[in-house]
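**Q** I'd like to go over a predicted model; first the sequence, then the structure.
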Amino acid sequence: MLRRYKTGVYRLIVKQIGDADEAMDLTQETFVSGFSALDRYDGDRPFRTWIARIALNKCRDWARRRKVRAFFSRALPLENAHHVASDGPAPDSAATDRRELAKVRGAIDQLPQNLREVLLLRGVDEVSQAETAVILRVSEKTVETRLYRARTRLRELLAGTSASTEG
């Protein structure tokens, strides 16, 4: 099980959170949770969608924890502000392709979670619309609508507009 699905789960997680090291940890957590919940797995459904659902839940938990950590890091006294990491671009992002990739990643990160998940599953991981619907526990029509909204909003963000699209 681990050998067959590890790479796909890792790719899904790293695309969701954007941090390769954290993605390795979350991949392990996903499989630990999967093994401990194996008795609840419905063998009539694809294992891939079940383990992907666990992975997405781990990503959501990680994002919540990150928001809490970010809140407390901003609460540091000003004399300790030099310990807080800069939000600016990394020094090695001078190459145009790296800047463009960072710009796209930043725009994807700005999408609401429900739109970002659909965009990454459908557009990047190339998961079918039906499988995406099962993973996210929504209808296929909802997947289609969210994908359209995600692409529209991503175009707006990359073009620098601030029109909002409700997700």
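**A** Nice, thanks for sending it over.

**Q** in what helix or strand does Glu133 lie?
**A** Quick fix: residue 133 is Ala, not Glu. helix 129-136 (DSSP states H and E).

**Q** Quick check: what element follows that helix along the chain?
**A** Following helix 129-136 in sequence, per DSSP H and E, is helix 140-159.

**Q** in that next one, what counts as buried?
**A** Applying a neighbour-count criterion of 16 or more other Cβ atoms under 10 Å, one finds Val143, Arg146, Leu147, Arg149, Ala150, Arg151, Arg153, Leu154, Leu157 buried in helix 140-159. Every residue, glycine included, has its C-beta placed from N, CA and C.

**Q** Contacts made by the host helix or strand of Gln28 with the rest, please.
**A** Assessed by DSSP H and E, Gln28 sits inside helix 20-36. Outside helix 20-36, the residues that touch it by Cβ atoms under 8 Å, 6 or more residues apart in numbering are 1-2, 6, 9-10, 13-14, 17, 41, 50-51, 54-55, 58-59, 62.

**Q** helices or strands next to the very next helix or strand once past it in the packing?
**A** As assigned by DSSP H and E, the chain's next helix or strand after helix 20-36 is helix 47-74. On a contact count with 3 or more Cβ pairs under 8 Å, 6 or more residues apart in numbering; DSSP states H and E, helix 47-74 meets helix 2-17, helix 20-36, helix 113-118, helix 129-136.

**Q** what is the mean pLDDT for helix 47-74?
**A** If you average the pLDDT over helix 47-74, you get 83.

**Q** how does the protein divide into domains?
**A** Listed by automatic domain parsing, the domain ranges of the chain are 1-85, 89-160.

**Q** Just name the most buried of those.
**A** domain 89-160 (a mean of 16; mean count of other Cβ atoms under 10 Å).
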